[in-house]
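**Q** Pasted the sequence and its predicted model underneath.
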Amino acid sequence: MKISINTKNYKKIKADLEIILINEIEETQDKELLESLDFKAVDEASILLPESKKIYVGYEDDTYDSIAIAIATAVKKLQSTKYKTAKVDLTKSNLIENTKGLIEGALLGAYTFDRYKSEKKEKKKQELIFVVDDENAIEEVLNDSKVIAKAVNKARDMVNSTPQDFYPMVMADLAKELADDADIDCKVYGESFLEKNHMNAMLSVGRASVHESQLIHLSYKPKNAKKKIVLVGKGLTYDSGGLSLKPADFMVTMKLDKAGGCAVIATLWAVAKLGLPYEVHGIVGAVENMVGGDAYKPDDVLVAKNGKTIEVRNTDAEGRLVLADCLCYAQDEIEDIDYIFDYATLTGACVVGVGEYTTGIMGNSDILKRNAVLSALKSGEYATTLDFNRYLRKTIKSEVADICNIANTRYGGAITAGIFLDNFICEENKDKWIHFDIAGPAYAQKAWGYNPYGGSGAGVRMTIEFLKSLDK
């Protein structure tokens, strides 16, 4: 989908269709016809009037989310036709104030993934023309939103790729490709490095796989960077559960378990393309958790990079083991960190607790958590905080090691996983760290909003919004 801006007289601009966003039918020229068709200008419903060559789409309010979903709905309607161009009049509308939602909603809504279809639909070259009074007023938003939406779609592509052709080395190679495209540095380390650097928790998780685990380190270092941010991602290219094997139906969709790492890689690409004035590092632990004679076991005690000992009670709680070593690596290798964020499809408990659309945000600083939630909501992602407490902290204590990789209670699993990770955050970074559990929104098993079935690219937009808000 091509997005363009035009400042000519709206009526003189040639297009196959008009897209008209409304929240009240009374405002339209086709009021009687729409009423006769029982069209309601709510819930982002859309209707195509072939005779007048118009697509009407309803929106509930002027928020980013409502506008983005509405334009995405209209774009999907356009894609179902053979028309090539459509125009949207923003010259007499307050929608111009939500250009970001319009552009990102259109590009995210136009996304399709058909790599594994034997008969692919013909790619249509369609164009959406936004008509405005002053192109300069929205040029920056247009350029930024194109990059952001492209980054989200890159993350979606990675998440949707199947485990037989997207394993740790493939993830590392793709990170290198995106790094080359964005002119940033990318270093990749294999299992000999993990062993040499005492990253035994991560090393153990991937031990039974035929695919070697990879530690990916992306670095964007502009001159005179104002702050230093580290993003850490869980890159489980596939998770069988290990010896604590998942039930068969739970194993389906486990290609999604790399979504945190995919979000980090895509975000680094976008940060560089946007030229943000911050030094940003992306650390991804790319691992495959499989079953085999060399698999790590319940009852094993692992020694993480910082020397903490971990009693394994369940090999399906593997993402936190990978993140533990990656967080330690990040803090050992990178000095004077201002913020350190980690992203992971970490717990089903988070999905149960806050739903499949919302990210759970955890950490030690109430102010930082609040700002992260605000950035998420402003970017179009849903998020809420989950608070640590002293009682849940006690549930991961071990009788034979420092901590256990799962709690001794079935309740509060998202929070106990976050508390586990807190054990691998240095004291000086405690209030600089946030854990994002994206288990719910990272993968859609049914389309919602502007997200089709599959990967959503969760984490990308809210992180970029947070970084862009630092100067404010």
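**A** In hand now; what should we look at? Residues are numbered from 1 along each chain as shown.

**Q** all contacts plus neighbour counts: C-alpha atoms, from now on.
**A** Will do.

**Q** now the helices for the stretch 1-150 of the chain?
**A** Remark: helices assigned in the stretch 1-150 of the chain by DSSP state H, counting those that start in this stretch are 31-36, 64-79, 99-109, 135-160.

**Q** Now distance to residue 285, mean pLDDT and mean neighbour count too, for those, in CSV please.
**A** CSV is the format used below for the helices of the stretch 1-150 of the chain (distance: least, Cα to Cα, whole Å; pLDDT from 0 to 100; neighbours: other Cα atoms under 10 Å):
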stretch, distance to residue 285, mean pLDDT, mean neighbour count
helix 31-36, 53, 92, 12
helix 64-79, 32, 95, 25
helix 99-109, 27, 97, 26
helix 135-160, 15, 96, 20
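
**Q** Columns distance to residue 360 on top of the ones you listed, output as CSV?
**A** CSV is the format used below for these (distance: least, Cα to Cα, whole Å):
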stretch, distance to residue 360
helix 31-36, 41
helix 64-79, 19
helix 99-109, 23
helix 135-160, 19
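
**Q** Point out the one among those helices that comes closest to residue 351.
**A** helix 135-160 (18.1 Å; Cα to Cα).

**Q** what angle do that closest one and helix 99-109 make?
**A** 30 degrees (axes from the mean of the first three to the mean of the last three Cα atoms, to 10 degrees).

**Q** Would you indicate which residues of the very next helix or strand once past helix 135-160 are buried?
**A** Per DSSP states H and E, helix 135-160 leads on to helix 168-182 as the next helix or strand towards the C-terminus. For helix 168-182, a neighbour-count test (16 or more other Cα atoms under 10 Å) marks 168-169, 171-172, 175-176, 178-179, 182 as buried.

**Q** for stretch 410-418, same thing?
**A** In stretch 410-418, counting by 16+ other Cα under 10 Å, buried: 412-418.

**Q** got it, and stretch 272-290?
**A** Per 16+ other Cα under 10 Å, stretch 272-290 contains these buried residues: 272-274, 276-290.

**Q** circling back: between the buried residues of helix 168-182, which is nearest residue 349?
**A** Using Cα to Cα, these come closest to residue 349 at residue 168, 26.1 Å.

**Q** With adjacent residues omitted, what lies nearest to the closest one?
**A** residue 286 (4.9 Å; Cα to Cα, 6 or more residues apart in numbering).

**Q** Phi and psi next, for that neighbour.
**A** Residue 286 adopts backbone torsions of phi -90, psi 110, taken as degrees, to the nearest 10.

**Q** Can you read off the pLDDT for residue 97?
**A** Looking at residue 97, its pLDDT reads 87.

**Q** Could you give the number of residues near it?
**A** Residue 97: 14 surrounding residues under other Cα atoms under 10 Å.

**Q** Equivalent analysis for residue 120, please.
**A** 10.

**Q** Looking at the residue nearest to it when sequence neighbours are not counted now. What's its pLDDT?
**A** Spatial nearest neighbour of residue 120, excluding adjacent residues (Cα to Cα, 6+ apart): residue 114 at 6.5 Å. On the pLDDT scale, residue 114 is placed at 94.

**Q** Over to residue 114: give its phi and psi.
**A** Dihedral angles (degrees, to the nearest 10) for residue 114: phi -130, psi 20.

**Q** Any idea how many residues pack against it?
**A** Neighbours around residue 114, by other Cα under 10 Å: 11.

**Q** That one touches residue 123, doesn't it?
**A** No: using Cα atoms under 8 Å as the test, residue 114 is too far from residue 123 to be in contact (10.5 Å).

**Q** Many thanks, have a good one.
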